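Peer 1: Here is the input, now give the coordinates:
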Amino acid sequence: MKKEVATHFIFLAALFLLVTILKGWFDIRFIIFWLGGIIGTILPDIDHLIYVYFVKPDAADSQRAVNLIQGRSFFKGWKYLTETRTTRTDLIFHTAHFQILFVLFAIVVITSSGSLLGAGLVLAFLLHLLVDQAIDFFEGGNFSAWFSKLPIELDEEQRKWYLGVNLVVLLVIILLM
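Peer 2: Residues are numbered from 1 along each chain as shown. The predicted model follows:
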């Protein structure tokens, strides 16, 4: 659990530091951008709670997580959800089609809202999804669960390209800021 949280926040800090330097956002008023980043890093993990409470509440892993959470063992429940995340294939946010729609949403937020909180949130959200895909690919060699609702099966080379394209899209969104 600590490793995954640390991984997400290290990537968040690196990317947001890069944006801060590129944009020259050294004034205290830009702290709201970083706050949006923290929120955006946490939000995608709500997907696991949606799964546990609404999508498959009768599944054994869902019931165990709910029991831990209801017993006020929040950190044990979160640790359990983190350790068993590969068993949950019906997540909502951790899918390719959601990611594509969220990229479009992020572009709209970045280019038209003028909100630093919103920009930080969507940028960190996209980064979180990209890091989760990279973890799935490098630790498991596969991230087919991201495509479980689509009639697409990617070979290893195509999965590498998909990760690369996602990284490029993230960088382009930064340039749009």
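Peer 1: Which strands and helices lie in contact with the worst-scoring helix or strand of the chain on mean pLDDT?
Peer 2: Using mean pLDDT, DSSP states H and E, helix 74-83 stands out as the lowest-scoring helix or strand of the chain, at a mean of 81. If contacts are counted by 3 or more Cβ pairs under 8 Å, 6 or more residues apart in numbering; DSSP states H and E, helix 74-83 sits against helix 60-70. Any C-beta I mention is one placed from the backbone N, CA and C, and that applies to glycine too.
Peer 1: buried sites along the helix it packs on?
Peer 2: For helix 60-70, a neighbour-count test (16 or more other Cβ atoms under 10 Å) marks 61, 62, 65, 68, 69 as buried.
Peer 1: Name the nearest of the residues you listed relative to residue 32.
Peer 2: Nearest to residue 32 among those, counting by Cβ to Cβ, is residue 69 at 30.6 Å.
Peer 1: what's near enough to touch the nearest residue to that closest one once chain neighbours are set aside?
Peer 2: Spatial nearest neighbour of residue 69, excluding adjacent residues (Cβ to Cβ, 6 or more residues apart in numbering): residue 77 at 4.1 Å. Neighbour list for residue 77: 65, 66, 68, 69 [criterion: Cβ atoms under 8 Å, 6 or more residues apart in numbering].
Peer 1: swap the cut-off to 10 Å and go again
Peer 2: 48, 49, 52, 64, 65, 66, 67, 68, 69, 70, 71 (Cβ atoms under 10 Å, 6 or more residues apart in numbering).
Peer 1: cool, and residue 51?
Peer 2: 57, 59, 61-62, 65, 81, 85, 87-94.
Peer 1: one more time with 7 Å
Peer 2: Residues near residue 51 by Cβ atoms under 7 Å, 6 or more residues apart in numbering: 62, 88, 90, 91.
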